[in-house]
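Engineer: Sharing a model that was predicted from the sequence below.
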Amino acid sequence: MALTWLTSLLAAEGLARWTTRQFAPGVPGSHGLRAAFVLAALPINIIWAWLAAMLWFSTTADLKLAALAVWVGQIVYTQNFRHQPWTLVAVSAVAPLTSLMVFPFFFYDAHGIGPDTARWALLILTLNTINTMISNRAAARRMDELTLGLREERERALEAARAKSTFIAVTSHELRTPMNGLLGMAHALSRSNLDAPQREQVRLMIKSGDSLMQLLNDVLDLSRIEAGKVELIPEPFNLQETVDDIISAWRDVAVVKNLDLSIRFDAEVPTWIEGDVLRVRQVLMNLISNALKFVVEGGVDLHVYAPRAPTSGGQEIFFAVRDTGPGVPAEAVGRVFESFTQADDTVSRRHGGAGLGLTISRALARQMGGDLTLAPCDTGACFLFSIRVPEAEPQQAIDATRDDDASMTSVRVLMAEDNAINQLVVKTMLETTGLSLTVVDNGQAALEAMAGGGFDCVLMDINMPVMDGITALGAIRSGAAGDPNVPVIALTASTMAGDRERFLKMGFNDHLGKPVNPAALIMAIARAVSADMSRTGALHDAA
């Protein structure tokens, strides 16, 4: 009998697996498949109920307890189907539930207080089990509805995030292209013969354009931070020289406002460290800019110190920026690091700004192993910026001003750019270098021009008609346009998170984002065509 039962069970299990072989995750089953699955479960449950019945009718009285255990086990297993249709639950539970009510009352000869109590206890247990199954299914249904709702909310949130990323990317690209023309021509105009009022007007144009680009970059940085895609590029740099440069950049502003701008650099602070110099500069520039913005009299003090000895995790360096301004009101301390938030509504009207600088600065500080906090201060405000970085060996400085102007006269550059204004901007930026610039308006024309050879460097836009820059680069690297190793610089408005790294992996030698700075463009070309200069020191992004 045991062999017969086992053979029957294995056959029923095999039938069930054969029936469900077409089910796959994420693929909705047809009504026919679902019906087959339910019917395939019926023989399995009948076979187990049959085993319990055989145990019950055995001549060994103690095996009745084993029969009860089998039926109870079937009922417990049925709870796995609380998320499934009622039909499957009924098919799985009807045999054991019926057996628990029928066998003790009709196939149990013992009588008396004990046996009768056991009979009615099993009946109560069975009815309670049915009630529990109904409650569990109701709870499971509510859970399924909640889970479905959460999945729908998640999909809507992901769709909103994708839409936001797409909007920011498109907006960034579309704004950078015309801003490249505006700022490029403004820079060119500033180098022409202008009288004092005209020169001041051009300076204000450039300043306004830079402010707009700073706002755009802040929005992009915030988007990158929210997506967790801000990538740090550590490299050895002179910390003291970097801090001195930042102070020098704001010295004129302090002089105009009749303010003191001082710096204290403690002796224990290492001069050379390995970190992301552009991100350190970005945070310090924002803190000093904010301090000078709000101070009316007195000044701003930057104190650089390292209170603890270096550890295996690196050296912890602190930058304390103190000012003698109005300070941050107590009720606004918790809001100053929130996005698009300032101390009060009058701040943006008086001093400008979108309330993103401190939010971005804190996120960058934390990514660099430190933090940005508002420290207690008797007068004004004190922002404490910290980073954790390893010390670095002093690097030999490269003289970038050796004789570039003379060497540039023999350089031939090809530019592929479909926007006429951007063509004129780059021509104007490079005309003072004396290099030879050839301009084409798409990638196919660039390949045809390169077929004749003689170009030392290529400036390649990405989005162009006829043939885009990426396709053109692939043709260049395959040797279809002459020298496959000719330096190619991506000159594009694509500056979202990961764009630079993506273009470098494709085979571009460098990446410059629009609007491009004249000095950054010239330096990028100089790096590309100079065999004795390392390309590992490429800029993060000209923007």
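Structural biologist: Okay, I see it.
Engineer: So what touches stretch 269-280?
Structural biologist: Contact with stretch 269-280 is made by 232-240, 242, 304-306, 310, 315, 317, 364, 367-368, 387, 389-395, 540, as judged by CB atoms under 8 Å, 6 or more residues apart in numbering. (C-beta placed from N, C-alpha, C; glycine too.)
Engineer: what comes up buried for that stretch?
Structural biologist: 269-270, 273-277, 279-280 (16 or more other CB atoms under 10 Å).
Engineer: which of those residues lies closest to residue 321?
Structural biologist: residue 280 (13.1 Å; CB to CB).
Engineer: so which helix or strand takes in the closest one?
Structural biologist: helix 277-294 (DSSP states H and E).
Engineer: Report all helices and strands that the longest helix along the chain contacts.
Structural biologist: Criterion DSSP state H: the longest helix present in the chain is helix 113-190. Under the contact criterion of 3 or more CB pairs under 8 Å, 6 or more residues apart in numbering; DSSP states H and E, helix 113-190 touches helix 63-78, helix 86-106, helix 196-227, helix 420-430.
Engineer: Comparing the ones you listed, which yields the minimum mean pLDDT?
Structural biologist: Mean pLDDT values for those show the minimum at helix 196-227, a mean of 71.
Engineer: gap between the nearest residue in space to residue 465 that is not next to it in sequence and residue 451?
Structural biologist: Leaving aside its chain neighbours, residue 465 sits nearest to residue 442 (5.5 Å; criterion: CB to CB, 6 or more residues apart in numbering). Going from residue 442 to residue 451 by CB to CB, to the nearest Å gives 15 Å.
Engineer: And those two? Which one has more around it.
Structural biologist: residue 442 (19 against 10; other CB atoms under 10 Å).
Engineer: What residues does the more buried one make contact with?
Structural biologist: Per CB under 8 Å, 6+ apart, neighbours of residue 442: 416, 418, 464-467.
Engineer: Narrow those to those that are buried.
Structural biologist: 416, 418, 464, 467.
Engineer: Can you add secondary structure and distance to residue 109 and give those residues back as a markdown table?
Structural biologist: Listed next are the buried ones among the contacts of residue 442 as a markdown table, based on DSSP: H, G, I helix; E, B strand; the rest coil; distance: CB to CB, whole Å:
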| residue | secondary structure | distance to residue 109 |
| --- | --- | --- |
| 416 | strand | 98 |
| 418 | coil | 98 |
| 464 | coil | 94 |
| 467 | coil | 94 |
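Engineer: Let's verify residue 60: helix, strand, or coil?
Structural biologist: Here residue 60 is recorded as coil under DSSP: H, G, I helix; E, B strand; the rest coil.
Engineer: gap between the helix or strand where residue 500 lies and the chain center?
Structural biologist: Assigned by DSSP H and E, residue 500 belongs to helix 499-506. Relative to its parent chain, helix 499-506 has a centroid offset of 16 Å by CA atoms, centre = their mean, to the nearest Å.
Engineer: Return it as PDB; C-alpha atoms alone will do.
Structural biologist: Provided in PDB are the C-alpha atoms of helix 499-506 (Å, rounded to 0.1, in the frame of the first residue of the first chain):
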ATOM      1  CA  ASP A 499      28.300  62.500 -20.000                       C
ATOM      2  CA  ARG A 500      32.000  63.300 -19.800                       C
ATOM      3  CA  GLU A 501      32.900  59.800 -18.700                       C
ATOM      4  CA  ARG A 502      30.600  58.300 -21.400                       C
ATOM      5  CA  PHE A 503      32.300  60.400 -24.100                       C
ATOM      6  CA  LEU A 504      35.800  59.500 -22.900                       C
ATOM      7  CA  LYS A 505      34.900  55.800 -22.900                       C
ATOM      8  CA  MET A 506      33.700  56.200 -26.500                       C
END
